[in-house]
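Undergrad: just the structure for this:
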Amino acid sequence: ATSLCASRPMSSRIFEPKQLQDLVNQTHPGEKLEPAVEMLLMEVAGEFLDEVARRSCELAKHRGSKKLDIQDVQLHLEKTWNMKIPGFCGTSVRRRHHLLDMTRKRLNVSKKPKEKSRKRGRQKIDEKTSSDAKAGGKGEGTSTSKR
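TA: The predicted structure follows:
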């Protein structure tokens with residue numbers, strides 16, 4: 001039985017050095033990569049793709065799927081690397097952010113009535129103190145003796 005995502009052999013390459021040089025020529029015409037830099041970049045790119053594939057497969061397994069979907073790759077890239085995949089809407093990830101925002105708003109709404117009731121309590125104490133003060137100074141002596 002094979003696993004959902006079998007790792008590829010280390011000897012296989014994702015792309016060839018010529019493709020890497022073509023990419024460099026597209027972005028910086030006339031530049032040439034040294035062989036050591038070329039090998040390093042290919043190694044880093046290979047490790048990055050291995051990690052993205054492994055973590056995306058873990059996400060697919062976590063949601064109970066036997067196949068890897070674009071949403072798994074998308075979720076990993078957006079959450080871990082803050083990378084958006086061009087051409088694909090981030091509906092699942094954005095929806096999750098929307099739900100988190102809704103939860104935060106709901107929690108803030110539930111906190112507001114408690115704050116208002118505390119303010120009302122303070123207002124009543126302030127009103128009582130001011131009415132005692134207006135009653136001829138008797139309230140001031142009482143309120144200072146309590147403190």
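
Undergrad: drop to CA atoms for contacts and neighbour counts, all remaining ones
TA: Will do.

Undergrad: name the SS class of H76, please.
TA: helix (DSSP: H, G, I helix; E, B strand; the rest coil).

Undergrad: and the residue lying closest to it once chain neighbours are set aside, how many neighbours?
TA: Spatially, and ignoring its direct neighbours in sequence, H76 is nearest to S56 (6.1 Å; CA to CA, 6 or more residues apart in numbering). By other CA atoms under 10 Å, the residues close to S56 number 23.

Undergrad: report the separation between S56 and D72.
TA: Remark: distance between S56 and D72 (CA to CA, to the nearest Å) = 5 Å.

Undergrad: before we move on, what about N108?
TA: From N108 to D72 the distance is 32 Å (CA to CA).

Undergrad: ditto for F15
TA: Distance, F15 to D72, by CA to CA: 23 Å.

Undergrad: more neighbours: which of those two?
TA: D72 (22 against 11).

Undergrad: quick one: residues contacting the residue nearest to H76.
TA: Remark: with contacts taken as CA atoms under 8 Å, 6 or more residues apart in numbering, S56 is in contact with L68, D72, V73, L75, H76.

Undergrad: which of the three states applies to R55?
TA: Following three-state DSSP, R55 is assigned to helix.
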